[in-house]
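1. Show me how the following folds:
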Amino acid sequence: MNMMNEMAARKEKGFTLIELVMVIVILGILAAFALPRFADLGNEARVASVQGAAGAVKSAAAIAHAQWLADGNSAATVDLDGVIVAMSDDGYPESVAATATPEGITAAAQIDAQDFSFDAASGVFTVTGFTANPANECQFTYDETTGRVTNLVTTGC
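-> Numbering: from 1, shown residues only. Take a look at the predicted model:
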């Protein structure tokens, strides 16, 4: 009888390995479901998207300007790999083209209207489907006279 009491006492001293593994698995599952609710990765994605688009616009303006120079500094359009791009008098892609074809900086940078909206009057690119608060954040500006990207603002994304 004394031996039975010793075995029962030994079994109740701690958790088995299986019990510990099950607790860890359950905590892992709970963490996997809870993490997306607490981590806002949308902000970082929009910041990276704005920075990437600004880089694409800078590169496209430089490439189009180089083609314009190679064509003799006077062409109204340049051909960038089959895309006809309207050029300003300063030799950079236009913000707004006079006609639908040729297109301006959005075609040169291959920026889709589904991802970014472009206000040609002000030269401002903003993320489509997202409203920054205040409205002058999470955007950048393209200047067709210099081909430069200015006012890159990633706060408020």
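2. So which elements touch the longest helix that the chain contains?
-> When the chain is parsed with DSSP state H, its longest helix is helix 42-70. Under the contact definition 3 or more C-beta pairs under 8 Å, 6 or more residues apart in numbering; DSSP states H and E, helix 42-70 sits against strand 77-80, helix 105-108, strand 124-127, strand 139-143, strand 148-153. Heads up, the C-betas are built off the backbone N, CA and C, glycines and all.
3. Next one: the spatially closest residue to residue 46 that is not a sequence neighbour from residue 147, what distance?
-> Nearest residue to residue 46, sequence neighbours excluded (C-beta to C-beta, 6 or more residues apart in numbering): residue 157, at 3.8 Å. Distance, residue 157 to residue 147, using C-beta to C-beta, to the nearest Å: 25 Å.
4. The spatially closest residue to residue 136 that is not a sequence neighbour pairs with what?
-> Spatially, and ignoring its direct neighbours in sequence, residue 136 is nearest to residue 153 (6.9 Å; C-beta to C-beta, 6+ apart). Counting by DSSP bridges, residue 153 forms beta bridges with residue 139.
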